[in-house]
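Visitor: structure of the sequence below:
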Amino acid sequence: MLGAPIGVYLFISYACILLGLWALVDAAIRPTNAYPAAGRQTKVIWLAILGGGVVAQWIFPALFGPIAMLGLAGIVAAIVYLVDVRRKLIEVARGSRW
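Guide: Coordinates of the predicted model:
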């Protein structure tokens with residue numbers, strides 16, 4: 001009876017770690033000069049944020065309290081990167097349409 005909720009939790013947990021890894025790898029392969037051109041933080045800062053988020057998700061998933069919020073912050077950082085920063089970096093790489 002407890003197997004299904006634990007399985008769902010593990011699936012969501014691993015999916016969030018994969019999301020963070022996807023964001024981290026994508027940030028690593030983007031050109032360094034594209035970040036300031038897109039008006040975002042530097043590549044080093046984004047790699048540190050996303051890398052710290054992945055580590056926090058990996059190490060602290062079973063903990064409760066304030067330190068577990070670091071994992072949640074890592075998920076939010078990955079989503080912000082993928083939805084906002086990545087889109088701007090792609091636009092900069094393509095160049096302006098106008």
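
Visitor: any stretches of the protein with poor pLDDT?
Guide: 1-3, 60-67, 96-98 (pLDDT under 70).

Visitor: 80 instead, please
Guide: Under the criterion of pLDDT under 80, the regions of the chain flagged as low confidence span 1-7, 9-10, 60-70, 95-98.

Visitor: so where do the helices sit in it?
Guide: If you assign secondary structure with DSSP state H, the helices in the chain sit at 3-29, 34-37, 43-59, 69-80, 86-94.

Visitor: what about the longest one, distance to the chain center?
Guide: If I follow you right, that is helix 3-29. Here the centre of mass of C-alpha atoms in helix 3-29, compared against the chain's by CA atoms, centre = their mean, to the nearest Å, lies 10 Å away.

Visitor: tell me the helices and strands packed up against that helix.
Guide: Counting contacts by 3 or more CB pairs under 8 Å, 6 or more residues apart in numbering; DSSP states H and E, helix 3-29 packs against helix 43-59, helix 69-80, helix 86-94. For every residue, glycine as well, the C-beta is placed using N, CA and C.

Visitor: got the CA coordinates for the longest one in CSV?
Guide: What follows is the C-alpha trace of helix 43-59 in CSV, where atoms were taken according to Å, rounded to 0.1, in the frame of the first residue of the first chain:
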residue,chain,number,x,y,z
LYS,A,43,27.8,31.8,-17.6
VAL,A,44,29.8,31.1,-14.4
ILE,A,45,27.0,32.3,-12.2
TRP,A,46,24.4,30.2,-14.0
LEU,A,47,26.7,27.1,-13.8
ALA,A,48,27.2,27.7,-10.1
ILE,A,49,23.4,28.1,-9.5
LEU,A,50,22.4,25.1,-11.6
GLY,A,51,25.2,22.9,-10.3
GLY,A,52,24.4,23.8,-6.7
GLY,A,53,20.7,23.1,-7.4
VAL,A,54,21.5,19.6,-8.8
VAL,A,55,23.7,18.8,-5.8
ALA,A,56,21.0,20.1,-3.4
GLN,A,57,18.4,17.9,-5.1
TRP,A,58,20.7,14.9,-5.0
ILE,A,59,21.9,15.2,-1.4
